[in-house]
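K.L.:
my questions concern the predicted model and sequence given below.
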Amino acid sequence: RLDRVNQQPDMKLVVISNRGAPFDPNKPQTGGLAAALEPVVERSGALWMFSSENRGDGTERPLPLVKAGEGYVAKLDLPAAHHRGYYRDFSNSTLWPVLHSLSDRTSRAEEGYDSYRQMNNFIARAAFDLRDRDAFWVHDYHLLPLGGDLHNLGIERPTGFFLHTPWPTPDMIERVPNYRELMKSMLEYDLLGFQTNRDLNNFLACLRTYFGLEGKDGVVTTERGQTRLQKFPIGIDPRPFAEYLAAELSPAEQEKISSLLQNFEGAKFAIGVDRLDYTKGIDKRVEAFNQLLAAEPGSISLLQIAPSSRADVDEYRKYKEEVENAINHVNAEHGKEEWKPIHYTNDPFSQAALARLYRAAHVGVVTPLREGMNLVAKEYVAAQDPKDPGVLVLSKFAGAAEDFNEDEALLIDPNHPEEIATAISKAANMRLEERVMRWRSMMDKTESYTIHDWSADYLRELDKSRITVPANQFH
Ligand code: F6P
């Protein structure tokens, strides 16, 4: 099935995102986007430009290229002075919560907008060197206006954008300063990709409400030309998960995993793996354990892996405290001398180490309040033992719930801890035949539409802009 990758158009592609991947299975991933794009770039020969951890002084310089599988990586130093406005304030204190429809967590970063625009412009100028490649594929909410900036510099190659997060309803997006300008700039892309029907329909509703524009057969026509809009539900590459289980870990990580797993010997445990982010519903999950353990003392414990994230954003600092307090409460209330209900760590783990932990856990708990897709849900499925698989408890507001239905995962409303608690209890006590049936069906879906199918589908669609509109007539 993975051979579908060969149907990917033969193009010299540039991928652009704010954050990149480590290109090392023994190093932890930094989020869903990085985990998704790493295998695509390694296989397709694309050049991936992302911002470097070492923030620079803002001088543009020729980008050094590093080989990554068949592909290349070019790290760009963004000016340190803009970290606050572009990344902390506008991208992650305003856009991120609004895109997840969490108005209580939103602050209006009016000043950050200027930095955000300047950084998009800066990245576009750095990409100018790459103007002779065949197409540009831009990722995520940090770079909504980049397509327009690329065109303004005279780059006339097809440009596509994929949003990894959800897109909200018209009354939510209004909370973003300059939302009209931003949405208009998104129509500079030739192809806009969304995770789910819900996101695509919300975006179309916003276009209708604010610009009177109607999408016809997935196409919106403006003075600039045509923008095609489609959903492309992102997947994973399930094959390495089987390989990870056999792979050797570094001695330090092996030691860490073994000592974690010792806590659960002969007992049931659930696993949660999330960036420490308020969209992930970790607090509600912990409350679910509180209720479950009150009703069924000592029945199951939780391993919660939550690498710290965006620690300079106030809401993240607050959330860290909220989660820690909730966990301490559950452990004090329901723990016994020889048994701790919740094991919690902020350490990041490699994909290879996570595969082992997923495999050992009886239940995978994925409870975001809202999420673009959630690849942990798919990774949990991919790592299971076909003869004795665990059960997935999944938020109905994660994009993954458009892929996995109620005959497969146990779908819950993440706002209701009692619903999560009931599902975890059901999962932990489910008979083998039902577990196998549910898992088999999810695994078939995970294998039949992988990250390589996703990128091939997207790029074939993007390639149509190259075929139908020759570069010199593009504007
Ligand atoms: O996958 C979604 C995403 O928001 C990415 O865009 C981002 O890189 C990742 O999560 C991790 O967040 P950050 O880059 O802010 O650490």
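P.N.:
Great, that's in hand.
K.L.:
so where do the helices sit in the stretch 301-450 of the chain?
P.N.:
Ranges of helices in the stretch 301-450 of the chain, per DSSP state H, counting those that start in this stretch, are 314-334, 351-360, 375-382, 417-428, 432-448.
K.L.:
name the nearest residue to Ala270, ignoring sequence neighbours.
P.N.:
Val363 (3.8 Å; C-beta to C-beta, 6 or more residues apart in numbering). Glycine gets a C-beta too; all of them are placed from N, C-alpha and C.
K.L.:
just Glu296 next, same as before
P.N.:
Ser425 (6.3 Å).
K.L.:
what about the one you found, how many neighbours?
P.N.:
Residues near Ser425, counting by other C-beta atoms under 10 Å, number 19.
K.L.:
contacting residues for it?
P.N.:
292, 295-296, 299-300 (C-beta atoms under 8 Å, 6 or more residues apart in numbering).
K.L.:
so for stretch 438-446, what's the average pLDDT?
P.N.:
The pLDDT scores in stretch 438-446 average 98.
K.L.:
how about stretch 393-413?
P.N.:
Here the average pLDDT along stretch 393-413 is 98.
K.L.:
the one residue in the chain that gets nearest to the ligand: what's it in contact with?
P.N.:
Nearest residue of the chain to the ligand, counting by C-beta to the nearest ligand atom: Gly31, 2.6 Å away. The contact partners of Gly31, by C-beta under 8 Å, 6+ apart, come to 19, 275, 309.
K.L.:
redo that, cut-off 10 Å
P.N.:
By C-beta atoms under 10 Å, 6 or more residues apart in numbering, the residues touching Gly31 are 19, 21, 140, 164, 275, 277, 307, 309, 375.
K.L.:
could you do Leu99 as well?
P.N.:
106, 140-141, 163-168, 172-173, 176, 199, 202, 279, 370, 372 are the contacts of Leu99 under C-beta under 10 Å, 6+ apart.
K.L.:
taking those one by one, which sit in helices?
P.N.:
Mapping the contacts of Leu99 onto helices (DSSP state H) picks out 172-173, 199, 202.
K.L.:
give me every residue in the protein lying close to the ligand.
P.N.:
Residues of the chain lying near the ligand by C-beta under 6 Å from any ligand atom: 18-19, 30-33, 140, 164, 309-310.
K.L.:
pick the one among these closest to Gln118.
P.N.:
Asn18 (14.1 Å; C-beta to C-beta).
K.L.:
and the closest one, how many neighbours does it have?
P.N.:
19.
K.L.:
quick check, Tyr344 in contact with Ile305.
P.N.:
Yes: contact criterion C-beta atoms under 10 Å: Tyr344 and Ile305 qualify, at 8.2 Å.
K.L.:
which regions of the protein lie under the pLDDT threshold?
P.N.:
1-9, 53-55, 58-62, 467-475 (pLDDT under 70).
K.L.:
coming back round to it: could I have the ChimeraX command that selects the buried members from the ones in helices among the contacts of Leu99?
P.N.:
Of these, the buried ones can be selected in ChimeraX as follows, counting by 16 or more other C-beta atoms under 10 Å:
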select :172,173,199,202
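K.L.:
all set, thanks.
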